[in-house]
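>>> sharing a model prediction with you, sequence too.
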Amino acid sequence: MPEWRSILGGSSRAESRGEGRRAKETPANDAALWSKCPKCGEVLYRRDLAANLDVCTRCGYHFRMSAYDRIASIADGDFVEIGDEIVSSDPLGWSDKKSYEAKLKGDRERSGLSESVLCGFATIGGFPVALGVMDFHFRGGTMGRVTGERITLLLEEARRRKVPCVIFAASGGARMEEGMLALMQMAKTTAAVSRFMEEDNFFLVVLTDPTTGGVAASFAFQADVIVAESKAVVGFAGRRVIEQTIRQRLPDQFQTAEFLLEKGAIDMVVDRRKLKDTLVRLLGYTCHPEPT
Amino acid sequence: MSNNIIVEREKGLLELERRIAELREASAAQPLDMSAEIAALEQKYGEILHELFGALSPWEKVHMARHPARPTSLDYVSRFDRFDELHGDRHYRDDPSIVGGFALLHERPVMVIGQQRGRDTRENLRRNFGMPAPEGYRKTSRLARLASHLKLPIVTFVDTKGADPGISSEEHAQSEAIATCLQTFSTARVPIVAAIVGEGGSGGALALAIADHVLMLEHSTYSVASPEGCAAILWSDATKAEEAAARLKLTADDLRRFGVVDEIIAEPVGGAHRNAQDVVRRTLDAVTAALQRLSALPVERLLEERYRKYRRLGEWQAEGLEATGTGE
């Protein structure tokens, strides 16, 4: 496993909240030593899989990555988290089979995260950046008020520091249980991106599997450069919704990163194992000394 | 049999309306005084109307917002002093589910943009049931940029189930088209007033609803997803839409309380279509009043207040939790 705890060493707050994070090492599914690739069926030793950045060593299938592992795979070292003191409550008093509070609690325990996004500051290949990483394992990466607030804080702070902002998107869209207040995070994050970009700051988004709905249709597709991980599903409407609307099955490659590249919606598709190198090269264009 | 519960419920009333009209006609043609009978019927009609529509549940409001006779965007636009429609996204095609162009409202030149559904099947097919494709959103952001360029305030009418969820829309990057609308409206250097006049369905509605002043008709709905969509997403069961409607807090009163909506336009008992002329007039008056107020603000202040308005939305202090600095 990547050294996900050491990268949080710069933040004392992170240490005081370490309990939730330590839980991540021993959840039920992690107790298993083996993972099976859903694409090729290969049985993978988890340590090998982790060493290969959660990419199947046989077929290259990209497993969904946790935010901590992602940060470890991209940042050079320390990651200083911001906005982690902001946590969700239940604005609508939502309850169905479970109360919303109980759903949040369950996801916090399972993922070791307090929300669907981790935001903070780090360096990538020596370049200081604001870094936001969404995690599909927390409420399907959905955007609630705290998600929107943290991303907005990140963009505002990046604007103040005049550093590029890199966000890894992974989201099922706006969070139902927070109703219109969740939808309004599209407006809020968009306004923050606009302000950030108006001052010639560089905004880069990496679309990971899956990025759909309200996140795709707000800050994610506003980026200066949009990179997508191989085979990531990216779109506005969910596959099921489209199939129900048109009453036919969609082809398998529909809404994949490769499909979007062909349609002109994104800049490039990158294998996760080459992602850090790609980001470092791209960031290089934003911070260049005069040729001598 | 309509699948709209409001339309179904109105059927008996239509019969009463017909009988009252008949009696009036008969009364006018004969020397007999039937005013007592007419008054009695009218009273009964009023009572039933109140009983059926006096207090609507969220689910009933969903149906009211979708009522086929409910005034659509063009019903409002046609009451402007003048309207010169502009077409097309300059890339691919003109999307008839969005109408927009230059207009005069109470002598004020504005840019008006609205989502347009059809009244009948034929028009609905042409207008894609009011569900805009990326081309519609690109037309919208083009017109909003033009308005900002010409210093024309923007007036929008929101009435959509949501953005079109089709193959072509995905191929043409629906996400990017909506994101660009959000960006354009959040930075447009002119006052923006939005009116939620029918259904406000998710991101596809929000794309036209970032505004300095948001009006909402009493029985309109505005939600993160349609009740059917929400039920399908959370419970894989679209038949639980009524339950979802109750949970989503999609009514004008709820949204006014959350600060998503600034002003509610009252509707007559039974819905806007029972006195469309009056509802349209009051809505346009409210739009003008808001424009008057907003036009007096210096542009930088207008933009700062717009940013703060959306910045504040969904703040957790609302629940009395510890306030955290937002760095403002």
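Everything's here; your move. All values derive from a computational prediction rather than experimental measurement. Residues are numbered from 1 along each chain as shown, chains lettered A, B, ... in the order given.
>>> where does the chain dip in pLDDT?
All of this is about chain A. Applying pLDDT under 70 to chain A flags the ranges A:1-31.
>>> to clarify, I was referring to chain B.
Within chain B, the ranges that satisfy pLDDT under 70 run B:1, B:314-328.
>>> just the helices in it please.
B:5-29, B:35-53, B:58-65, B:73-77, B:121-126, B:134-150, B:167-171, B:174-187, B:202-206, B:227-235, B:241-247, B:252-258, B:276-295, B:299-312 (DSSP state H).
>>> most tightly packed of those?
Comparing the helices of chain B by mean neighbour count (mean count of other CB atoms under 10 Å in any protein chain shown), helix B:202-206 comes out on top with a mean of 29. Bear in mind the C-beta positions are built from the backbone N, C-alpha and C, glycine included.
>>> got the CA positions of it in PDB?
Extracted C-alpha coordinates of helix B:202-206, given in PDB (Å, rounded to 0.1, in the frame of the first residue of the first chain):
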ATOM      1  CA  SER B 202     -32.000  19.600 -12.100                       C
ATOM      2  CA  GLY B 203     -28.800  20.900 -13.800                       C
ATOM      3  CA  GLY B 204     -30.700  21.400 -17.100                       C
ATOM      4  CA  ALA B 205     -32.900  24.000 -15.300                       C
ATOM      5  CA  LEU B 206     -30.000  25.500 -13.200                       C
END
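>>> helix or strand next in line after the longest helix along chain A, which one?
Assignment by DSSP H gives helix A:179-198 as the longest helix of chain A. For helix A:179-198, the succeeding helix or strand toward the C-terminus, using DSSP states H and E, is strand A:203-212.
>>> direction included, what does that following strand pair against?
strand A:165-171 (parallel), strand A:225-229 (parallel), strand A:234-235 (parallel) (DSSP bridges).
>>> ok, the residue of the stretch 1-150 of chain A found nearest chain B to residue B:313 distance?
Residue nearest to chain B within the stretch 1-150 of chain A: residue A:145 (3.6 Å; CB to the nearest CB). Separation of residue A:145 from residue B:313 (CB to CB, to the nearest Å): 8 Å.
>>> next: residue A:97.
28 Å.
>>> these two: who's more crowded?
Neighbours were counted for residue A:97 and for residue B:313 using other CB atoms under 10 Å in any protein chain shown; residue B:313 has more, 21 against 8.
>>> and the closest residue in space to that one that isn't next to it in sequence, how many neighbours?
Distances taken as CB to CB, 6 or more residues apart in numbering or on different chains put residue A:184 closest to residue B:313, at 4.3 Å, once the chain neighbours are dropped. Number of residues near residue A:184 (other CB under 10 Å) recorded here: 28.
>>> helix or strand for residue A:137, which one?
Counting by DSSP H and E, residue A:137 is part of no helix or strand.
>>> wait, what's in contact with it?
By CB atoms under 8 Å, 6 or more residues apart in numbering or on different chains, the residues touching residue A:137 are A:64, A:66, A:107, A:110, A:111, A:113.
>>> give me every residue that touches the fifth one.
Residue A:111 is in contact with A:24, A:66, A:135, A:137, A:138, counting by CB under 8 Å, 6+ apart.
>>> just give the number of residues close to the second one.
Summarising burial for residue A:66: neighbours were counted as other CB under 10 Å, giving 23.
>>> I figured it hits residue A:135, correct?
Yes: counting by CB atoms under 8 Å, residue A:66 touches residue A:135, with 5.8 Å between them.
>>> report the beta-bridge partner residues of the residue lying closest to residue A:224 once chain neighbours are set aside.
Leaving aside its sequence neighbours, residue A:224 sits nearest to residue A:203 (CB to CB, 6+ apart; 5.1 Å). Note on residue A:203: beta-bridge partners residue A:165, judged by DSSP bridges.
>>> residue A:203 and chain B: what is the separation?
Here residue A:203 is placed at a distance of 11 Å from chain B (CB to the nearest CB, to the nearest Å).
>>> so what's that residue up against?
Contacts of residue A:203 (CB under 8 Å, 6+ apart): A:164, A:165, A:167, A:193, A:196, A:197, A:222, A:223, A:224, A:225.
>>> with residue A:251 instead?
Here residue A:251 is in contact with no residue (CB under 8 Å, 6+ apart).
>>> SS state for it?
Recorded secondary structure, residue A:251: coil (DSSP: H, G, I helix; E, B strand; the rest coil).
>>> what about the closest residue to residue B:312 other than its chain neighbours, how many residues nearby?
Spatial nearest neighbour of residue B:312, excluding adjacent residues (CB to CB, 6+ apart): residue B:259 at 7.1 Å. For residue B:259, the count of nearby residues is 18 (other CB under 10 Å).
>>> residue B:259 against residue B:313, yeah?
Yes: judged on CB under 8 Å, residue B:259 makes contact with residue B:313 at a distance of 6.1 Å.
>>> one step back: check the gap between the residue nearest to residue B:313 and residue A:281 for me.
When CB to CB is applied, the distance between residue A:184 and residue A:281 equals 36 Å.
>>> next: residue B:230.
According to CB to CB, residue B:230 stands 42 Å off from residue A:281.
>>> now do the contacts for residue A:226.
Per CB under 8 Å, 6+ apart, neighbours of residue A:226: A:204, A:205, A:207, A:220, A:265, A:266, A:267.
>>> try it again at 7 Å.
Contacts for residue A:226 (CB atoms under 7 Å, 6 or more residues apart in numbering or on different chains) come out as A:205, A:207, A:266, A:267.
>>> which among those gets closest to residue B:177?
Closest to residue B:177 out of these is residue A:266 (14.3 Å), distances taken as CB to CB.
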